[in-house]
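In: prediction below, plus the sequence it came from.
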Amino acid sequence: MADVIEFETDRLKLRQWKNEDRQLFAEINSDPVVMEYFPNTLSVSESNKMSDKIISLIFQRGWGFWAVEEKQQHKFIGFVGLHTPIPELPFSPCVEIGWRLAKEYWGNGYATEAANAVLSVAFKELNVSQVYSFTPEQ
């Protein structure tokens, strides 16, 4: 088990996940607008399995897809973080940055604010040389 990295921005806290995040995460994953570019929405069971995996990876490495909490309301709004994707990608091995926020928080700069902080952690604390972002072909 690694030391879990947690950090804050002006408006956000990036932290390990809490049990109470699961319900809101399931709501995010069942939203067809949020999941538009993914193969499908997720059931509660699939969402819980995903959050279990995310939590496990953060415990193992100290970093991953951190839960994002809006500090003023102390509310979970989604995740932003780093991941090591499947090795079959043409640019693997690599570290990717990814995010998924509840749609009511879109358009407020939260993803950009959190992603900038995550990139700072990646390059300054984890000594990652490159970070990738990708999306499926449409």
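Out: Sure, I can see it. Since this is a predicted model, take the numbers as computed values, not measurements.

In: mind listing the helices for the protein?
Out: 21-29, 44-61, 110-120 (DSSP state H).

In: what is the mean pLDDT for the second one?
Out: To tie it back to what came earlier, the one meant is helix 44-61. When pLDDT is averaged over helix 44-61, the result is 97.

In: closest one to Glu6 among the helices of the chain?
Out: With CB to CB as the criterion, Glu6 lies closest to helix 44-61 of those, at 9.5 Å. Where you see a C-beta, it was placed from the backbone N, CA and C, and this is true even at glycine.

In: what's near enough to touch Trp106?
Out: Neighbour list for Trp106: empty [criterion: CB atoms under 8 Å, 6 or more residues apart in numbering].

In: look through the chain and tell me its longest strand.
Out: strand 75-83 (DSSP state E).

In: quick check: angle from that strand to helix 21-29?
Out: Strand 75-83 runs at 80 degrees relative to helix 21-29, counting by axes from the mean of the first three to the mean of the last three CA atoms, to 10 degrees.

In: neighbouring contacts of strand 75-83?
Out: Here strand 75-83 has contacts from 14, 18, 20-21, 24-25, 28, 54, 57, 63-70, 95-102, 105, 110-111, 114-115, 118, 121-122, 126, 128, 131, using CB under 8 Å, 6+ apart.

In: thinking again about what came up before, most packed of the helices of the chain?
Out: Mean neighbours per residue, mean count of other CB atoms under 10 Å, is largest over the helices of the chain for helix 21-29, with a mean of 19.

In: can I get that helix in PDB, CA atoms only?
Out: Below are the C-alpha coordinates for helix 21-29, written out as PDB (Å, rounded to 0.1, in the frame of the first residue of the first chain):
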ATOM      1  CA  ASP A  21     -19.500   8.900  -3.300                       C
ATOM      2  CA  ARG A  22     -20.900   5.600  -4.800                       C
ATOM      3  CA  GLN A  23     -24.500   6.700  -5.200                       C
ATOM      4  CA  LEU A  24     -23.600  10.000  -6.900                       C
ATOM      5  CA  PHE A  25     -21.000   8.200  -9.100                       C
ATOM      6  CA  ALA A  26     -23.700   5.700 -10.200                       C
ATOM      7  CA  GLU A  27     -26.000   8.600 -11.100                       C
ATOM      8  CA  ILE A  28     -23.200  10.100 -13.200                       C
ATOM      9  CA  ASN A  29     -22.500   6.800 -14.900                       C
END
